[in-house]
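1. Starting from these lines, generate the structure:
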Amino acid sequence: MKFATVAKSMALGFALLFTASAFAGTRASLQLISPATVNGTQLKAGDYKIEWEGNGPNVEVSILRGKNVVAKVPAHLVELGAPAAYSAAVVKKNGDGTSTLSGVRFEGKKFSLEIGDSGDGMQAGSSK
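-> Next up, the predicted model:
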């Protein structure tokens, strides 16, 4: 009986370890096919790198163009039910025709980044 309890505890520990390691990746690529605003900063269409600090759910995201940080924004790591089929910038279309970066998905990963207030009206913006 004790062995079953120990085995369950170990299995739970390994599950938590693997979940934490899934969130440990702190660097990724981001491609915008059209301009988007993030935390008040206008990002031009193009390729960026993103880095985040923390294991979640709350993290600090830095968006880099080359070696320069062009924006910093708080974000939430969100666990997905299944790995994302492709990498994508998720943008929200605003009433004035502009776009706001509201999230990032990562191909093959079971987590995404939710940036700012992205609860409504998300649309896939670009994929790479």
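2. Spatially central residue (nearest the centroid) of the protein, please.
-> By C-alpha atoms, centre = their mean, the chain has its centre lying nearest to residue 113, at 2.1 Å.
3. That residue reaches residue 103, doesn't it?
-> Yes. If you go by C-beta atoms under 8 Å, residue 113 and residue 103 touch, sitting 5.9 Å apart. C-beta: built from backbone N, CA, C; applies to glycine.
4. ok so, going back, please identify the helix or strand for the residue nearest to the centre of the chain.
-> Element membership for residue 113, per DSSP states H and E: strand 111-115.
5. Residue 56 too?
-> Assigned by DSSP H and E, residue 56 falls outside every helix and strand.
6. what distance separates the start and the end of stretch 60-80?
-> 19 Å (C-alpha to C-alpha, to the nearest Å).
7. so how far is it off the chain centroid?
-> 8 Å (C-alpha atoms, centre = their mean, to the nearest Å).
8. try stretch 94-102
-> With C-alpha atoms, centre = their mean, you get 18 Å for stretch 94-102.
9. Likewise for stretch 46-61?
-> 7 Å.
10. do stretch 90-100 as well
-> The chain centre lies 18 Å from the centre of stretch 90-100; the measure is C-alpha atoms, centre = their mean.
11. List the buried residues for it?
-> Neighbour counts using 16 or more other C-beta atoms under 10 Å place 90, 91, 92, 99, 100 of stretch 90-100 among the buried residues.
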